[in-house]
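Asker: Fold the following, please.
(2 chains)
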Amino acid sequence: MMDWVNILVQGCLLGGLYGLFAIGLSLSFGIMRLVNIAHGDLIVLSAYVAMIVVEFTGLDPITGLLVILPTMFLFGYALQRGLLNFTLEGGLLPPLLVTFGISVIIQNGLLLSFGAYTHRLKLGAIETQSIVFPGDMSVGVFPLITFGVAVLSIGGLQLLFYKTALGRAFRAVSDDADTAELLGINKRHLFALAMAIAMAFTALAAVLFAIRTNFDPAAGPIRLILAFEAVIIGGLGNIWGTLIGGIVLGLAQAVGAALSPTWQILAGHLAFIVILIIRPSGLFPRTRD
Amino acid sequence: MSQVQIERGTRASRIFSMAAVIALLGLVALPWWGGPGDMRLAAEMAYYLALAMLWNLLAGYAGLVSVGQQAFIGLGAYAFFYLTSSLGVHVYGAMALAGPFAGLISIPVAFVVFRLRGHYFAIGTWVVAEIFALGASLIEELGAGSGMSLTPAIVRQVSSSRDGRETLEYWMSLGICTIIFAVVYIILRSRQGLALTAIRDSEPASGSLGVNVFRTKLFIYVATATCTGLVGSLIFLQKLRLSPEAGFSVNDWTVVVIFMVVVGGIGTIEGPIIGMLIYILLRELFADFGSLYLILMGVIAVAIMLKAPGGVWGLISERYNLHLFPISRRLMRDETAAARDKSEASDK
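Answerer: Residues are numbered from 1 along each chain as shown, chains lettered A, B, ... in the order given. A predicted model of the protein is given here:
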């Protein structure tokens, strides 16, 4: 019995990380209806940026966020304004294939510059510390922090969207970009800001992920798939749904891993397919495609 | 009144089809004028061209932008390996069954992934391919994570000598590529092709005019899956070794193929041929620089999507009004009739 509680708690916490992976994807879909195929590779790119920052400044990865987050924020702004904005008119193929191209460029660029070696960010003792709860259940401190960061991030975004003028502008372009422009909103700038915020959260997720697990240039696609599954399970355009989607995925993987370690990833995919069959628009849909 | 007539072929297309037949005959004769290295490269070009044409049919015409076609390569290859190694089916029999097997599996897959639209469909198909890859790595009878190899006895069923085998496998690649090319061309010129073009241009409009959108898309999805499975069995007959990562590789069987189609010109018949040639050329030119050619391919694809969505072939055909494999019907002014009209008009 206690084993299963333990498994569910671990799955839940893992889901927090998946929810974090998915925030960037959920934002860019929710606001500009852009499905970013390069999302997973952008997570990995952020991890490499973090690695370089840590190496050059000698900071630990968490303090390094002070450099990493603004860097990726600016990168996101430039990426959207300089490239992705031009793909948004003209149907399905341009955004899909351009982000697909970016994905291949990032993957192979990293492979050429850093080789196929695996890397990891180090944070010291906290990586392995755990808290023991009554009933002999030990929960890792770091997964707990990751989960807390995910909840705080999404709470923060909720406040941004519903309590600030910028958030109102985001919701306006999301509902109807052309009408919003008539009312004096600069769509191009706003989309770029949205991507900048998405990239900052992506970088945050990347640092936590890179402390927890090894990464290499080919680690992107599976992150994209996990993030995508979280977004779809939670329901399109619903940011809390995305976190719940991540948790559902984490739970399915934890249960799968408990049955047999080789089943972990497969169990997550199967849960996704089952939810897709039962509820095609996710558990808590908000936006219509 | 000037006379007009409706034509499909053009003079260029008729001259070109003559040239294509001659080139094909030259390729059939390759074993007599080229070495084994040439044959291997030509076989690779043939199966990549087949895959590019299939993906083009799917994405460029049916609007089904799949990133999961590696699922059917892997399924076809695994079916082929299992049938020959474990059930003792003859190589050719197993190849004939591999395609239909992939096609059969694609039917339930279609019912799941068709629930997703557009971009979501793309990533959804990828998830399905991942499921098959992970599934294959769990099944002991399929060699689990380490995969399977074809035994020498099976390979000798093709031909007992190495030279004979390479020649036959090259001819098979060329033959299958030609057949798939013909299938795609015939589909596009048929009623189904007209329905497909209508769906590509506007799904709701074609639906309102009586095109059964779902059935047409399902037909194309299953047909391409079947052909992709057949190509998969052929590729891994040449490679002799199959593992889940190799068989279901998104990079080898989908990413590269998408680039060929996009760079060459999506939604055209000529595009995949040009894209395949550009890809092979880049790869051979930059063979000494690791994956640099993939980065270049990515940059070119991004630039093409932004500046010339019709691809290289789009630029050429727009500039010279060239159609080598005509699908659409065009109005042609009959020149002699027009001249007669003109003289009659001046008489009055």
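
Asker: what are the ranges of the strands in the chain?
Answerer: Answering for chain A, as no chain was given. Counting by DSSP state E, one finds strands in chain A at the ranges A:130-133, A:137-140.

Asker: wrong one, chain B
Answerer: Secondary structure of chain B (DSSP E): strands at B:4-7, B:148-149, B:241-242, B:330-333.

Asker: Select from these the stretch with the lowest mean pLDDT.
Answerer: Of all the strands of chain B, the minimum mean pLDDT falls on strand B:330-333 (a mean of 61).

Asker: count of residues packed around B:Leu209?
Answerer: By the measure other C-beta atoms under 10 Å in any protein chain shown, the count of residues near B:Leu209 is 10. Bear in mind the C-beta positions are built from the backbone N, C-alpha and C, glycine included.

Asker: Likewise for the one 5 residues further on?
Answerer: Around B:Phe214 sit 11 other residues, with neighbours defined as other C-beta under 10 Å.

Asker: and it, what is it in contact with?
Answerer: Contact analysis of B:Phe214 by C-beta atoms under 8 Å, 6 or more residues apart in numbering or on different chains lists B:Phe114.

Asker: same thing with the one 4 residues further on?
Answerer: Taking C-beta under 8 Å, 6+ apart as the contact definition, B:Leu218 lies against B:107, B:110, B:114.

Asker: Excluding chain neighbours, give the residue nearest to the first one in space.
Answerer: Pointing back at B:Ile107 there. Leaving out its chain neighbours, the residue that sits closest to B:Ile107 by C-beta to C-beta, 6 or more residues apart in numbering or on different chains is B:Val222, at 6.0 Å.

Asker: and the one you found, what pLDDT?
Answerer: Predicted confidence (pLDDT) at B:Val222: the value is 95.

Asker: one step back: could you identify which of the strands of chain A is most buried?
Answerer: Ranked by mean neighbour count under mean count of other C-beta atoms under 10 Å in any protein chain shown, the strands of chain A are led by strand A:137-140, which reaches a mean of 15.

Asker: Please verify my assumption that A:Phe99 contacts A:Ala38.
Answerer: One thing to correct before we go on: residue A:99 is Thr, not Phe. Yes: the criterion here is C-beta atoms under 8 Å, and A:Thr99 meets it with A:Ala38 at 4.6 Å.

Asker: which of these two has more neighbours?
Answerer: Between A:Thr99 and A:Ala38, A:Thr99 has the larger neighbour count (other C-beta under 10 Å), namely 26 against 23.

Asker: Contacts only, for whichever residue of the stretch 51-200 of chain B sits closest to chain A.
Answerer: Per C-beta to the nearest C-beta, B:His119 is where the stretch 51-200 of chain B lies closest to chain A, at 3.4 Å. By C-beta under 8 Å, 6+ apart, the residues touching B:His119 are A:35, A:37, A:92, A:95-96, B:65.

Asker: Quick one: which of these has the lowest pLDDT value?
Answerer: Lowest pLDDT within these is found at A:Leu92 (76).

Asker: got the phi/psi numbers for it?
Answerer: phi -80, psi -40 (degrees, to the nearest 10).

Asker: tell me the pLDDT at B:Ala136?
Answerer: In this model, B:Ala136 carries a pLDDT of 91.

Asker: pLDDT at the residue sitting nearest the centre point of chain B, what is it?
Answerer: The centroid of chain B falls nearest to B:Met53 when counting by C-alpha atoms, centre = their mean (2.5 Å). Note for B:Met53: predicted pLDDT of 93.

Asker: same question, the one 4 residues further on
Answerer: Per-residue confidence (pLDDT) for B:Leu57: 91.
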